[in-house]
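*Asks:* return a 3D structure for these sequence lines:
(one chain, ligands or ions: 1)
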Amino acid sequence: MTYLDDLFSLTGRTAVVTGGSSGIGRGIATALARAGAAVVLVARGRDALDTTASELRAAGCRCEAVVGDLSTRSGVRAAAEAATEPFGEPDVVVSSAGVNLRPPMAEIGEDVWDTTMAVNLEAPFWLGQRFGPAMAARGHGRLIHVSSQQAHRAFVTSGAYGVSKGGLESLARSQAEAWSAHGVTANTLVPGFVLTPLNERLQEDPGRVAALADRTLVGRNSVPDDLAGAAVFLASPASGYVTGQSIHVDGGFSVH
Ligand SMILES: NC(=O)c1ccc[n+]([C@@H]2O[C@H](COP(=O)([O-])OP(=O)(O)OC[C@H]3O[C@@H](n4cnc5c(N)ncnc54)[C@H](OP(=O)(O)O)[C@@H]3O)[C@@H](O)[C@H]2O)c1
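*Replies:* Model prediction:
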């Protein structure tokens, strides 16, 4: 093993990545797989899952896909069990699956609120309940959540979405409090504006996209690959003393 392998290699580790079929989750799944982890992708759509899994396998990675709907508790339970089938219990769980429904605040009804909280906040909580204690018993684990600028500031009709992401960062701290002494870290990645299918509608307004790029210090909006290094770090041995943190990977958006 080289020095860098000791710090960052994920060889021999298993990771589950929710939302791993698209956008940021797909970028993170690719990074973890290329760093050596056997990766299980979880999402609803079979086609995008199969495409991503095939591409990763063609690149020499170990990857399987599980169809699961994380918007209900029974769906989370079923997906979690199915995700252990290909490679066993995970060492790393990344919660990237998310929805961003943006009606004006006054028009948020039960459907939007319930779906947003279920997918963005409750699914990561229940996955943590399923996998966190077992990781702690084994003495090692990594819980990684994908939050948003909107956990920290209101913009672009944050509504229920921002609330769910604020809760998600608090969840990471609670999980860190519970399990860090047993080798299980819990952290949150906070992206900037990442060009993915999630915000396709916003991308139709070039002025808006340029204005968001201007708000960064780097001078451009993000792409999923920007999260790769930080995700590998948080999944790796190198981050063993980093826990309960919200790590902004946003080109300086949050400090501008
Ligand atoms: N893009 C940004 O600018 C940005 C910025 C900050 C944070 N984020 C966060 O990053 C995460 C990923 O977003 P993205 O931009 O990569 O979006 P994306 O490309 O739309 O990917 C979302 C992923 O979540 C899955 N998903 C959605 N609902 C699900 C459900 N009920 N059950 C299981 N899987 C579900 C989708 O697959 P299926 O639809 O097939 O289920 C897809 O794989 C989200 O949590 C988002 O809030 C995004």
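*Asks:* rest of the way, CA atoms for contacts and neighbours
*Replies:* Fine.
*Asks:* mind listing the strands for the stretch 101-250 of the chain?
*Replies:* Ranges of strands within the stretch 101-250 of the chain are 141-146, 184-191, 246-249, based on DSSP state E, counting those that start in this stretch.
*Asks:* starting from the last one, tell me which strands it pairs with and how they run.
*Replies:* So that's strand 246-249. Here strand 246-249 has these sheet partners by DSSP bridges: strand 184-191 (parallel).
*Asks:* and the ligand, is the strand it pairs with touching that?
*Replies:* Yes - Strand 184-191 is in contact with the ligand by CA under 6 Å from any ligand atom, via residue 191.
*Asks:* pLDDT of that strand, averaged?
*Replies:* Average pLDDT, strand 184-191: 98.
*Asks:* now stretch 211-221
*Replies:* Across stretch 211-221, the average pLDDT comes to 97.
*Asks:* which residues sit against that stretch?
*Replies:* Outside stretch 211-221, the residues within contact range by CA atoms under 8 Å, 6 or more residues apart in numbering are 192, 193, 194, 195, 209, 250, 251, 252, 253, 254, 256.
*Asks:* ok, and of these, which contact the ligand?
*Replies:* By CA under 6 Å from any ligand atom, the members of the contacts of stretch 211-221 lying near the ligand are 192, 193, 194, 195.
*Asks:* turn those into a markdown table, including neighbour count.
*Replies:* A markdown table is the format used below for these (neighbours: other CA atoms under 10 Å):
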| residue | neighbour count |
| --- | --- |
| 192 | 25 |
| 193 | 21 |
| 194 | 19 |
| 195 | 17 |
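*Asks:* make a markdown table out of the residues you listed and add distance to residue 213.
*Replies:* A markdown table is the format used below for those (distance: CA to CA, whole Å):
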| residue | distance to residue 213 |
| --- | --- |
| 192 | 9 |
| 193 | 8 |
| 194 | 10 |
| 195 | 11 |
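*Asks:* alpha carbons of stretch 54-63, as CSV, please.
*Replies:* Output of stretch 54-63 as CSV, limited to C-alpha atoms (Å, rounded to 0.1, in the frame of the first residue of the first chain):
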residue,chain,number,x,y,z
SER,A,54,-23.2,-0.7,-16.8
GLU,A,55,-20.9,2.3,-17.4
LEU,A,56,-19.1,1.7,-14.1
ARG,A,57,-18.7,-2.0,-14.7
ALA,A,58,-17.3,-1.2,-18.2
ALA,A,59,-14.7,1.0,-16.5
GLY,A,60,-13.7,-2.0,-14.3
CYS,A,61,-15.7,-1.0,-11.2
ARG,A,62,-17.9,-3.2,-9.0
CYS,A,63,-21.4,-1.8,-9.2
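*Asks:* list the buried residues in that stretch.
*Replies:* Using 16 or more other CA atoms under 10 Å as the test for burial, stretch 54-63 gives 54, 56, 61, 62, 63.
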